[in-house]
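# Prediction below, plus the sequence it came from.
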Amino acid sequence: MKKIIILSGKGGVGKTTISGATAVRVAELDPDAKVLIASFDIAHNLSDIFGVEIGDKITRLHPDMNLYGIEPDPEHYIHLFVDPIFKLAKQTIYDLVITRLSPTIKKMVDSMLLAENMPMQAKTAAFFQIFLNAGAEEYDYMISDFPPTGATINLFEVPVFFIDNLLKNFMGYKSAIVVGYEGVRRLLNPTKILDGRSPLNDMFGQLRKIQKAGDTVHAMLKKHLSLRLVAIPEKAAVNETLRALVDFSKFYDPDCVYINKIISKDVIKGNPFLKGKREEQLTRIKELQEKVPNKKIFEIELKMNEPINVDGLKKISKDIYKKCTLDDVLNPCI
């Protein structure tokens, strides 16, 4: 893995199109490398812009390019992530015979420990972590189309909180937890010969695997991540971008900003509305440049036609990156 590029920003600003154009440009500039574009948004639309049915399987997007795409299903990945843990957690509780004392408790445990009950932010964060562990290493570049800004922050925040805080602290108390558990287990099973094995130890083993996988993903992102924001030249979008730059910096500092849908001066042709709108857009762009002078800002003009399929994305990628080298695309700087 050479680079993981993540694009986020306010909804409706063109993240997917710019993600697709970036993937196409990288594939063009490094034709021998394998490039993967993945949508981690809930509402996938990679298939729409590439004109190819993608779905939950890795799909080649063009016969003459090493360019692949996937729209992973978080429900599928979350079951891989939590089902083994929930199964062992249930066995641990059942082993204490508490559920045999009350059928109501068993029903409550069974209904609570389900993947379906996890919040969507946790599901998406989990399947992003699993996906990076499972398949990212076989690709040289991974371009990720992420959900709107707030949801993207959750993707970083949830695993950091779970792995760095809860899980590591929990594992630190393993010995005390096991001693207490075994004492209660023997107290509640006075006539049963216990062999020293318990589902609790198996659950700790599974948690260690999750901790190791989480540490691997953190190390991978720290080494290879390029986080980027997409906006349009409007006050609300620019303000959200400025807030996002601060919020994201707690995890990973964004490299650059794309300003999309700028009205070209060539289309104004004396139209006072378009002229006024463009002047307003340029004011917003200047505000952003003044507040983040140390960030590369790519300016992208509004196109008359949507860039559909690889050929359309090639055109917009050249408009975005112009004469940029591969290194310029991967590591944008002023």
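Great, that's in hand.
# contacts and neighbour counts: CA atoms only from here.
Will do.
# So, low pLDDT: which residues of this structure?
For the chain, the stretches flagged by pLDDT under 70 are 74-82, 85, 88-137, 149-201, 203-204, 206-207, 209-214.
# any idea where the strands of the stretch 201-334 of the chain begin and end?
Using DSSP state E, counting those that start in this stretch, the strands of the stretch 201-334 of the chain run over 225-231, 256-262, 296-301.
# Now do the second one: which elements does it pack against?
In other words, strand 256-262. On a contact count with 3 or more CA pairs under 8 Å, 6 or more residues apart in numbering; DSSP states H and E, strand 256-262 meets strand 225-231, helix 272-291, strand 296-301.
# winner for burial among the ones you listed?
strand 225-231 (a mean of 23; mean count of other CA atoms under 10 Å).
# returning to what we had before: make JSON lines from the strands of the stretch 201-334 of the chain and add distance to Leu67 to it.
As requested, the strands of the stretch 201-334 of the chain are exported to JSON lines (distance: least, CA to CA, whole Å):
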{"stretch": "strand 225-231", "distance to Leu67": "19"}
{"stretch": "strand 256-262", "distance to Leu67": "22"}
{"stretch": "strand 296-301", "distance to Leu67": "23"}
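# Between the ones you listed, which one is closest to Leu46.
strand 225-231 (16.5 Å; CA to CA).
# which other residues reach the closest one?
Here strand 225-231 makes contact (CA atoms under 8 Å, 6 or more residues apart in numbering) with 3-10, 13-15, 237-238, 241, 252-260, 330-331.
# Buried only: go through those for me.
Buried members of those, counted by 16 or more other CA atoms under 10 Å: 3-10, 13-15, 237-238, 241, 252, 254-260, 330.
# List the ones among these that fall in helices.
When DSSP state H is applied, the buried ones among the contacts of strand 225-231 are split such that 15, 237-238, 241, 330 fall in helices.
# and Tyr68, how many neighbours does it have?
The number of residues packed near Tyr68 is 22, by other CA atoms under 10 Å.
# one step back: do you know which of the helices and strands packed on strand 256-262 lies nearest Ile42?
Taking CA to CA as the criterion, strand 225-231 is the member of the helices and strands packed on strand 256-262 that comes nearest to Ile42, at 17.6 Å.
# how big is the angle separating the closest one from strand 256-262?
Following axes from the mean of the first three to the mean of the last three CA atoms, to 10 degrees, one obtains 30 degrees for the angle between strand 225-231 and strand 256-262.
# Report the inter-axis angle for strand 225-231 versus strand 296-301.
Using the same axes, to 10 degrees, strand 225-231 lies at 40 degrees relative to strand 296-301.
# Distance of Glu299 relative to Ala43?
26 Å (CA to CA, to the nearest Å).
# Ile259 contacts Ala237, correct?
No. Using CA atoms under 8 Å, Ile259 and Ala237 do not qualify as a contacting pair, with a distance of 9.7 Å.
# And the ones in helices among the buried ones among the contacts of strand 225-231, which two are furthest apart?
Ala237 and Leu330 (24.3 Å).
# Would you confirm that Ile42 contacts Pro72?
No. Assessed by CA under 8 Å, Ile42 is found out of contact with Pro72, at 9.4 Å.
# Need phi/psi at Val292.
phi -130, psi 70 (degrees, to the nearest 10).
# Going forward, the N-terminal residue is numbered 30.
Sure, I'll start counting at 30 from here, so that last one is Val321.
# ok, it to Leu250 distance?
Per CA to CA, Val321 is found 23 Å from Leu250.
# Pro361: neighbour count?
Neighbourhood size, Pro361 [other CA under 10 Å]: 19.
# What residues does Asp169 make contact with?
30-32, 62-64.
# Just the buried subset of those, written out for PyMOL, thanks.
The PyMOL selection below is limited to those of these classed as buried (16+ other CA under 10 Å):
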select buried, resi 32+62+63+64
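# hang on, the earlier thing: the strands of the stretch 230-363 of the chain: which one's closest to Leu355?
The nearest among the strands of the stretch 230-363 of the chain, by CA to CA, is strand 254-260 at 13.7 Å.
# Walk me through which strands that closest one pairs with, and which way each runs.
strand 32-38 (parallel), strand 285-291 (parallel) (DSSP bridges).
# what about Ile66, helix or strand, and which?
For Ile66, the host element (DSSP states H and E) is strand 64-68.
# So which bits of stretch 51-65 are buried?
Buried residues in stretch 51-65 (16+ other CA under 10 Å): 51-57, 62-65.
# Touching, Ser68 and Asp102? I think so.
No. Taking contacts as CA under 8 Å, Ser68 lies outside contact range of Asp102: 9.7 Å.
# Looking at these two, which is more packed in?
Comparing Ser68 with Asp102 by other CA under 10 Å, the one with more neighbours is Ser68, at 25 against 19.
# The more buried one: what's it in contact with?
Shown in contact with Ser68 (CA under 8 Å, 6+ apart): 74-75, 99-101, 173-175.
# On the strand side of things, show who it bridges to.
Beta-bridge pairing of Ser68 under DSSP bridges involves Asp174.
# Could you list the domains of the chain?
32-104+153-190+253-316+328-359, 106-148+195-242 (automatic domain parsing).
# State the distance from Lys332 to Gly43.
The value you get for Lys332 to Gly43, if CA to CA is used, is 12 Å.
# That'll do, ta.
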